[in-house]
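**Student:** model this:
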Amino acid sequence: MEFLLLNFLILIKMKTNKTIRLIRQLLRAFIIILFLSGLTAIPVEAELTFLLKIFPSSTQLHYWLEKVLSAYKNVNNDTPFLLYGYDWLAFAHFILAILFIGPLRDPVKNIWVIEFGLIACVLIFPLAFIAGSFRGVPIGWRLIDCSFGVFGFIPLWICYKKTKQLTLQNLQS
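**Tutor:** Numbering: from 1, shown residues only. Below you'll find the model as predicted:
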């Protein structure tokens, strides 16, 4: 009987370790992507110039990127302090990436951060569609923005479900 109990506990521990490893891998990827996303808010002019070289000039996307680059340059020349918002956008991404170090260390104790991330991913949709509409952002671009919510939600949802499983295992042992 003791042998069976010991084997059962070892099996639970092995499964728990695999679950924690999966959660940490997903959170590491999420943190890195969030950080890199923040970095892209800094060299906007160079990025837009690069993208214009890639997309054919006959496409709607090229037209939109050209329009954005022109507006960016105008703002940079006339009112560069408005571009300070890009700096804060980058900063927000960096801070949010740091926030996810908590669940990386202890997912059960910091499940609220994962829940926060899930809520943020869902809230991308109303922001993109409401603010994007008021700002004249094309629907295709808003859908690209929404894809960040979808692709962020998926790994966080897996982390959330796996963390809930860990919580139940901890309660049972």
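**Student:** list the contacts for Ser147?
**Tutor:** Neighbouring residues of Ser147 by CB atoms under 8 Å, 6 or more residues apart in numbering: there are none. Where you see a C-beta, it was placed from the backbone N, CA and C, and this is true even at glycine.
**Student:** confidence score at it?
**Tutor:** Model confidence at Ser147, expressed as pLDDT, equals 94.
**Student:** any idea whether it is helix, strand or coil?
**Tutor:** helix (DSSP: H, G, I helix; E, B strand; the rest coil).
**Student:** Kindly report the same for the one 5 residues further on.
**Tutor:** Assigned with three-state DSSP, Gly152 falls in the helix class.
**Student:** nearest spatial neighbour of it, skipping sequence neighbours?
**Tutor:** Leaving aside its sequence neighbours, Gly152 sits nearest to Cys121 (CB to CB, 6 or more residues apart in numbering; 4.4 Å).
**Student:** so that neighbour touches Pro155, yeah?
**Tutor:** No. Cys121 lies out of contact with Pro155 (CB atoms under 8 Å); the separation is 9.9 Å.
**Student:** any weak-confidence spans in this structure?
**Tutor:** 1-15, 173 (pLDDT under 70).
**Student:** list the contacts for Asn110?
**Tutor:** Gly102, Pro103.
**Student:** Now do it against Lys161, distance only.
**Tutor:** 15 Å (CB to CB, to the nearest Å).
**Student:** Kindly report the same for Gly140.
**Tutor:** Taking CB to CB, one finds Gly140 at 32 Å from Lys161.
**Student:** likewise Leu39?
**Tutor:** 30 Å.
**Student:** Can you tell me the SS state at Ser57?
**Tutor:** coil.
**Student:** contacting residues for it?
**Tutor:** Ser57 neighbours (CB under 8 Å, 6+ apart): none.
**Student:** now it: how far from Tyr63?
**Tutor:** 8 Å.
**Student:** any idea how far His62 is from Asn74?
**Tutor:** Taken as CB to CB, the span from Asn74 to His62 is 19 Å.
**Student:** neighbour-wise, which of the two wins?
**Tutor:** More neighbours surround His62 than the other of Asn74 and His62, with 16 against 10 (other CB atoms under 10 Å).
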